[in-house]
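> Following is a predicted model, sequence given first.
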Amino acid sequence: MLLGLIIGAASGVLQFWMLARFTKAVTGGGLDKKAVLFGVCQFLLPLVVLLGCAYLFYNALLWAAVGMIAVLVVCAVARFIFAKKSGG
């Protein structure tokens, strides 16, 4: 259970970071190859992590998914709150 949460949380943080970089590039008009790579990898990361967890740690698969989604939601809410407080 703990292993799944750690795997999910780590991949959730990485996925949020890639998504933030991609959306910043898209909304800022600076879309380049690196930003597109972040966008593509952001969609492939959950697939790779959850399939790898399913093959290697089947019992931790549910908790990996829960950890991934929980961290994504917490990071998104935190970013929204900090953006509102800073006036952006």
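Alright, I've got the coordinates.
> Look up phi and psi at Gly30.
The phi/psi pair for Gly30 (degrees, to the nearest 10) reads phi -110, psi 50.
> In the protein, where's the longest helix?
helix 2-28 (DSSP state H).
> Would you tell me what the next helix or strand after that one is?
Next along the chain after helix 2-28, taking DSSP states H and E as the criterion, comes helix 33-56.
> What are the buried residues along the longest helix of the chain?
Within helix 2-28, the residues that qualify as buried are 4-5, 7-9, 11-16, 18-19, 21-22, 25, counting by 16 or more other C-beta atoms under 10 Å. Heads up, the C-betas are built off the backbone N, CA and C, glycines and all.
> for stretch 71-80, same thing?
For stretch 71-80, the neighbour count (16+ other C-beta under 10 Å) marks Val71, Leu72, Cys75 as buried.
> is it true that the last one touches Phe16?
Yes - applying C-beta atoms under 8 Å as the test, Cys75 and Phe16 come out as touching, 4.2 Å apart.
> can I assume Phe57 is in contact with Leu2?
No - taking contacts as C-beta under 8 Å, Phe57 lies outside contact range of Leu2: 10.9 Å.
> What's the local residue count around Gly52?
14 (other C-beta atoms under 10 Å).
> what's the distance between Ala65 and Lys24?
26 Å (C-beta to C-beta, to the nearest Å).
> typed the wrong thing, it's Ala60
With C-beta to C-beta as the criterion, Ala60 and Lys24 are 32 Å apart.
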